[in-house]
Structures are given as C-alpha cells and as structure tokens.
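Novice: Sequence isn't available, so here's the structure alone:
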C-alpha cells in the first residue's frame with residue numbers, strides 16, 4: 001500500500017467509517033481537492049496531518065489509552081471496524097485512481113457541530129451526518 005493510499009484510507013476510516021459509501025467518497029474528495037488547492041499541503045499525507053484539520057488527528061478516542069494506536073485502524077478490530085476499514089481502503093483506492101466527484105468541495109463537518117468558518121463557504125450538500133462545503 002502506498003503512503004498516500006494509507007493516509008487517505010486512514011482518514012476516511014476515522015472521519016467517516018459509519019457513513020454510507022458516498023459520504024466516505026466525499027470525505028476522500030475533500031482531501032484530494034485540498035492537495036490540489038494552493039492553500040493546503042501538496043500531498044495526501046500532508047493534508048491529512050495538517051494540524052487541527054481532521055478531528056481524528058487531534059482528538060484521542062476515549063477507549064484508546066495507548067497514543068501510538070490512535071492512528072492505526074487495525075487497532076479497532078471489531079467485525080464492524082474491519083468491514084469499515086475494507087470499505088475505507090476501497091474508497092480511497094477508487095478516488096486516487098479515478099479522481100474526485102466534485103472538484104470544489106473543500107470543507108465538511110458533522111451535523112453535531114457548528115464551526116465558525118461554516119458561513120464563509122457554500123453548502124453543497126448533506127450526506128449521512130456530514131455537511132459538505134465549497135468555496136463561494
């Protein structure tokens with residue numbers, strides 16, 4: 001597995017593992033669009049690991065005590081997590097091989113939060129529990 005595929009699949013897993021396939025695809029879409037955007041790092045891993053951009057990179061799940069395991073999807077080894085990892089990896093591979101669905105989507109958040117930046121972007125749609133945004 002390439003480094004880009006691993007970073008993208010891991011981000012999709014932690015950010016959208018409970019979402020439908022199209023929600024996972026749009027999360028991957030956001031990451032790839034940021035790679036192409038001048039305001040973000042120019043690699044998948046650079047975008048994914050940019051400070052404070054993706055919640056899983058700075059919020060430790062309560063069940064995880066060992067800090068070294070928090071970024072390893074294989075640490076989460078229930079049946080549902082294993083299926084979510086397979087799906088996340090397949091989605092990441094598909095998006096890397098075939099390109100993005102919407103080249104304008106740069107942001108998203110869950111419906112459970114109301115980030116300060118949301119009013120500065122145009123809502124593109126809602127998929128599962130995520131709201132997606134494009135630059136206005």
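Specialist: All right, it came through fine. Keep in mind that this is a model prediction, so the values were computed, not measured.
Novice: Sketch out the low-pLDDT regions of this structure for me.
Specialist: Residue ranges of the chain with pLDDT under 70: 58-76.
Novice: so what does the helix or strand where residue 80 lies touch, helix or strand wise?
Specialist: Assigned by DSSP states H and E, residue 80 belongs to helix 79-98. Packed against helix 79-98 by the contact rule (3 or more Cβ pairs under 8 Å, 6 or more residues apart in numbering; DSSP states H and E) you find helix 3-16, helix 21-36. From N, CA and C alone the C-beta is placed, and that goes for glycine too.
Novice: For residue 83, which of those helices is the nearest?
Specialist: Proximity to residue 83 (Cβ to Cβ) singles out helix 3-16 among those, at 10.8 Å.
Novice: May I see the buried residues of the closest one?
Specialist: Buried residues in helix 3-16, counting neighbours by 16 or more other Cβ atoms under 10 Å, are found at 4-16.
Novice: any idea which of those residues is closest to residue 43?
Specialist: For these, the nearest to residue 43 is residue 4 (7.0 Å; Cβ to Cβ).
Novice: My guess is the closest one contacts residue 96. True?
Specialist: Yes - in this structure residue 4 lies within contact range of residue 96 using Cβ atoms under 8 Å: 6.4 Å.
Novice: Show me whatever sits in contact with both of those two.
Specialist: Residues touching both residue 4 and residue 96 (Cβ atoms under 8 Å, 6 or more residues apart in numbering): residue 44.
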